[in-house]
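Peer 1: Just need the structure, nothing else, for what follows:
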Amino acid sequence: MSDIELAVIGGTGLYKLAELQDVQTLEPDTRFGRASGPIRVGTLDGHRVAFLARHGEGHSVPPHKVNYRANLAALQAIGARRVLALNTVGGITERFGPRVLACPDQIIDYTWGRISTLCEEGGEVLHVDMGEPYTPALRNAVLRAAAAAGVAMVDGGCYGATQGPRLETRAEIARMRRDGCDLVGMTGMPEAGLARELSLDYACLAIVANWAAGAGPQVDEVITLQDVLDNVAAATGQLPALLAALLEAGFDEAR
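Peer 2: Got it, this is the predicted structure:
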């Protein structure tokens, strides 16, 4: 399966890539257990792509229970070297309103109690450099592809990763704003750090589903799951065009 050009991890509201053709289903074992669900491998405009639903295809795995190590190890086992993570998030600062697509360049980890390293069971200790948490060349390739496909995308921003599955309080979002966060989600870490430990190229495509608590023009707005799903569906309407442009451009510069 070394011909896989890109692996895509889908978040809340993104449980399949309907455009995949000639789909095979793979369920590799890893030393960390099983992934969240089956990996669907197929072709997209003639390019080999793998897709994995982070929360399971029925959205049955909450953020703090995702086996992030198994997910990434399973993708690596089938030959994936590049991972585009789709993360459904809330917007904190002005540029990141609902239905915006963004490619963040920084992350702050507020999660706790998650297994966050390959070194949990002993062996060689890895001290990976996370100054740039997303692979710069792959992130740049995503931004170029968005421009080529005519897909509006915000370049940069800081993703704050919270524990979930509950949403955040206004005070928590206010603190995150003071810390410099532009986006809030529940799955950005430890995924990014584990990808670095596995030497996978990794970038995030953040899909803004709602304003975070106390942010935006209607500070008293109640966030519902249906609003989240509606906004994700609208924001990802151009995802096939973006992926096609990304695959067509190739990844010679992405490692």
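
Peer 1: So L143 lies in a helix, does it not?
Peer 2: Yes. Judged by DSSP: H, G, I helix; E, B strand; the rest coil, L143 forms part of a helix.

Peer 1: In contact with it, which residues are there?
Peer 2: Going by C-beta atoms under 8 Å, 6 or more residues apart in numbering, L143 touches C103, M153, D155. The C-beta positions use only the backbone N, C-alpha and C, and glycine is treated the same way.

Peer 1: Looking at those, state which has the most neighbours.
Peer 2: Per-residue neighbour counts (other C-beta atoms under 10 Å) across the contacts of L143 peak at C103, which has 22 neighbours.

Peer 1: in the sheet, who's paired with that one?
Peer 2: Beta-bridge partners for C103, by DSSP bridges, are D155.

Peer 1: what's the nearest residue to R196 if we skip its chain neighbours?
Peer 2: Nearest residue to R196 in three dimensions, chain neighbours excluded: V128, at 4.5 Å (C-beta to C-beta, 6 or more residues apart in numbering).

Peer 1: how much space between the one you found and R54?
Peer 2: Distance check for V128 against R54: by C-beta to C-beta, to the nearest Å, it reads 21 Å.

Peer 1: between the two, which one's more packed in?
Peer 2: Comparing V128 with R54 by neighbour count (other C-beta under 10 Å), the higher total belongs to R54, at 26 against 14.

Peer 1: and the residue positioned nearest the centre of the chain, helix, strand or coil?
Peer 2: Centroid-nearest residue in the chain: A85, 2.7 Å away (criterion: C-alpha atoms, centre = their mean). With three-state DSSP as the basis, A85 sits in strand.

Peer 1: Touching, it and L200? I think so.
Peer 2: No. The pair A85 / L200 is not scored as a contact, 10.4 Å apart, by C-beta atoms under 8 Å.

Peer 1: and stretch 115-124, how far out from the chain's middle?
Peer 2: Centroid separation between stretch 115-124 and its chain, computed with C-alpha atoms, centre = their mean, to the nearest Å, is 22 Å.

Peer 1: May I see the buried residues of that stretch?
Peer 2: Going by neighbour count (16 or more other C-beta atoms under 10 Å), the buried part of stretch 115-124 is S116, T117, L118.

Peer 1: The chain: helices as residue ranges?
Peer 2: All helices of the chain, identified by DSSP state H, fall at 68-77, 136-149, 170-179, 191-197, 225-235, 239-249.

Peer 1: Tell me the helices and strands packed up against the fifth one.
Peer 2: What it means is helix 225-235. Judged by 3 or more C-beta pairs under 8 Å, 6 or more residues apart in numbering; DSSP states H and E, helix 225-235 is in contact with strand 201-211.
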